[in-house]
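Visitor: Model the following, please.
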Amino acid sequence: MTDKTTGNSLDFRKTKFITSAPDISKLPQDLGAEIAIVGRSNSGKSSAINAICDNKNLAKTSQTPGRTRLINIFEISKERYLVDLPGYGYAKVSESIKRQWQNAMTEYLQQRKSLIGLVLTMDIRNPLKDHDRILINWSLASNLPVLILLTKADKFGVNKSREIIGEVRTMLSEYGSNFNIVAFSAVKKTGVNEVRVILNEWLSLAHTTSEDNLKK
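Guide: This next block holds a predicted model:
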């Protein structure tokens, strides 16, 4: 897929860190197109971002879940961004800090006009927990596409990963919608190119839609 502004595919390797913010009031101007990366604190969000952008130092990773405590903005190209949101679920922090993270994430999801889609990370060994389903329900109600990354796929062989994708797709059939589901490994780079193609499509379509609206 190509970026209509340049005629070339977006180069995710050129992605750079822009800023961190505790809430949406401190974020850059609400312009362009943003894709948010969301998921449980131990689902490999930061590692996924680094693999997609081919830069192991881009998003901070840790052996301790819950290290993403701010909204982090990464610029792929002009007015095209990846947004790393605080993880939910497991994290060894106080309840007040958890509520603060949840409030920041909820505000971003509900109020950020630049948001065009979600990448939802789930550990392939334990997918579709309660918070994951809440986000899927919200995205459908908001008419936003969701790309589901079944992370840590290197824990299984190819056939087992395909089997789990089928199981997850069956579980998601209750929503009456088709989802992009990718078995993903930051270690082996499994699924990286597939994810780049999907994100490129979303960002290119968002730009085309924006241009069409300006012409009206």
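Visitor: from here on, contacts and neighbour counts on C-alpha atoms
Guide: OK.
Visitor: ok, how many other residues are close to residue 198?
Guide: Residues near residue 198, counting by other CA atoms under 10 Å, number 14.
Visitor: So it: helix, strand or coil?
Guide: helix (DSSP: H, G, I helix; E, B strand; the rest coil).
Visitor: Tell me how far it lies from residue 179.
Guide: Note on residue 198: its distance to residue 179, by CA to CA, to the nearest Å, is 12 Å.
Visitor: where does residue 17 land on pLDDT?
Guide: Here, the pLDDT recorded for residue 17 equals 95.
Visitor: Distance check, it against residue 124.
Guide: Residue 17 is 28 Å from residue 124, by CA to CA.
Visitor: same thing with residue 134?
Guide: In this structure, residue 134 and residue 124 are 18 Å apart, going by CA to CA.
Visitor: Name the residue in residue 17 and residue 124 with the higher neighbour count.
Guide: Neighbours per residue (other CA under 10 Å) separate residue 17 from residue 124, with residue 124 holding more: 24 against 15.
Visitor: Determine the three-state secondary structure at the spatially closest residue to that one that is not a sequence neighbour.
Guide: Leaving aside its chain neighbours, residue 124 sits nearest to residue 150 (4.6 Å; criterion: CA to CA, 6 or more residues apart in numbering). Classification of residue 150 by three-state DSSP places it in strand.
Visitor: Quick check, residue 150 in contact with residue 128.
Guide: No. Counting by CA atoms under 8 Å, residue 150 stays clear of residue 128, with 9.9 Å between them.
Visitor: Looking only at neighbour counts, state which of these two leads.
Guide: residue 150 (27 against 19).
Visitor: how close does the more buried one sit to residue 20?
Guide: On the measure of CA to CA, residue 150 and residue 20 end up 26 Å apart.
Visitor: same deal with residue 83?
Guide: From residue 83 to residue 20 the distance is 10 Å (CA to CA).
Visitor: Those two: which has the busier surroundings?
Guide: Using other CA under 10 Å as the criterion, residue 83 and residue 20 rank with residue 83 on top: 21 against 17.
Visitor: Shouldn't the more buried one be within a helix?
Guide: No. When three-state DSSP is applied, residue 83 is found to be strand, with no helix at that position.
Visitor: shouldn't it be in contact with residue 36?
Guide: Yes. Shown here, residue 83 and residue 36 form a contact pair, counting by CA under 8 Å, at 4.5 Å.
Visitor: which strands and helices sit next to the lengthiest strand in the chain?
Guide: If you go by DSSP state E, the chain has its longest strand at strand 115-123. Contact here means 3 or more CA pairs under 8 Å, 6 or more residues apart in numbering; DSSP states H and E; on that basis strand 115-123 packs against strand 33-39, helix 130-141, strand 146-151, helix 192-215.
Visitor: One more pass at 10 Å, please.
Guide: strand 33-39, helix 45-52, strand 80-84, helix 95-111, helix 130-141, strand 146-151, strand 180-183, helix 192-215 (3 or more CA pairs under 10 Å, 6 or more residues apart in numbering; DSSP states H and E).
Visitor: Return every residue with contacts to both of residue 150 and residue 128.
Guide: 120, 121, 122, 168 (CA atoms under 10 Å, 6 or more residues apart in numbering).
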